[in-house]
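Asker: Quick one, what's the 3D model for this:
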Amino acid sequence: MPLHTLVTVAGSRWSIEELFQTGKGQVGLDHYQVRGWTGWHRFITLAMLALAVLTSLTAQQPDTDPKTIALTVAEVRRLLNAFVLTAALPPEHILHWSIWRRTTQARARRSHYQRRQAK
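Answerer: Next up is the predicted model:
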C-alpha cells in the first residue's frame, strides 16, 4: 500500500469514530437490548436515521449571530425534544433559553481562548 493511501484510511477512521461517539451520546446508539440480528438491525437503522436527521438539520442552519455558537447536534436534539415531546413551555421561552445557552457557551469559549493566548 502506498503511504498516502494508509494516511487517508487512518484519517477517515477518526471521522467514523467521532460519528459513533455522537450517535452514542445523542441518539442512544449503544442502548439497544435485543436478542437477535433482526431487532439489532432495526434499532441501529432507526438510530442512524435519527442521527442523520439531526446532522442534516444542523448543517442546514443559516449563519447565526457571531455572539452565539452555531447550533450543534445536541442543541438541535434538545430543541426538538422541547418543541415536540414537551409542550409545557411556550416556544418563545424555549428559543430564548437556547439563545442564552449558546451565548454563554460562546462567551466561555472566547474567555478560554484568550486565557490560553495569554500564557
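
Asker: what's the spacing between the residue nearest in space to the middle of the chain and residue 43?
Answerer: Among the residues of the chain, the one closest to the centroid is residue 73, at 2.5 Å (Cα atoms, centre = their mean). Look at residue 73 and residue 43: by Cβ to Cβ, to the nearest Å, they are 19 Å apart. C-betas here are computed from N, CA, C, even on glycine.

Asker: try residue 13
Answerer: Counting by Cβ to Cβ, the gap from residue 13 to residue 43 is 24 Å.

Asker: do residue 109 as well
Answerer: For residue 109 relative to residue 43 (Cβ to Cβ), the value is 35 Å.

Asker: Those two: who's more crowded?
Answerer: Higher neighbour count among residue 109 and residue 43: residue 43, with 16 against 11, using other Cβ atoms under 10 Å.

Asker: what about that one, which helix or strand?
Answerer: Assigned by DSSP states H and E, residue 43 belongs to helix 37-59.

Asker: Where does pLDDT dip in the protein?
Answerer: For the chain, applying pLDDT under 70 flags the ranges 87, 119.

Asker: okay, now residue 94: neighbour count?
Answerer: Other residues lying near residue 94 total 17 when counted by other Cβ under 10 Å.

Asker: That one against residue 81, yeah?
Answerer: No. With contact defined as Cβ atoms under 8 Å, residue 94 does not reach residue 81; the gap is 9.8 Å.

Asker: Could you pull up the residues touching residue 72?
Answerer: Counting by Cβ atoms under 8 Å, 6 or more residues apart in numbering, residue 72 touches residue 58.

Asker: can you give me phi and psi for residue 90?
Answerer: phi -70, psi 150 (degrees, to the nearest 10).

Asker: hmm, I was thinking of residue 7
Answerer: The phi and psi values for residue 7, taken as degrees, to the nearest 10, are phi -70, psi -40.
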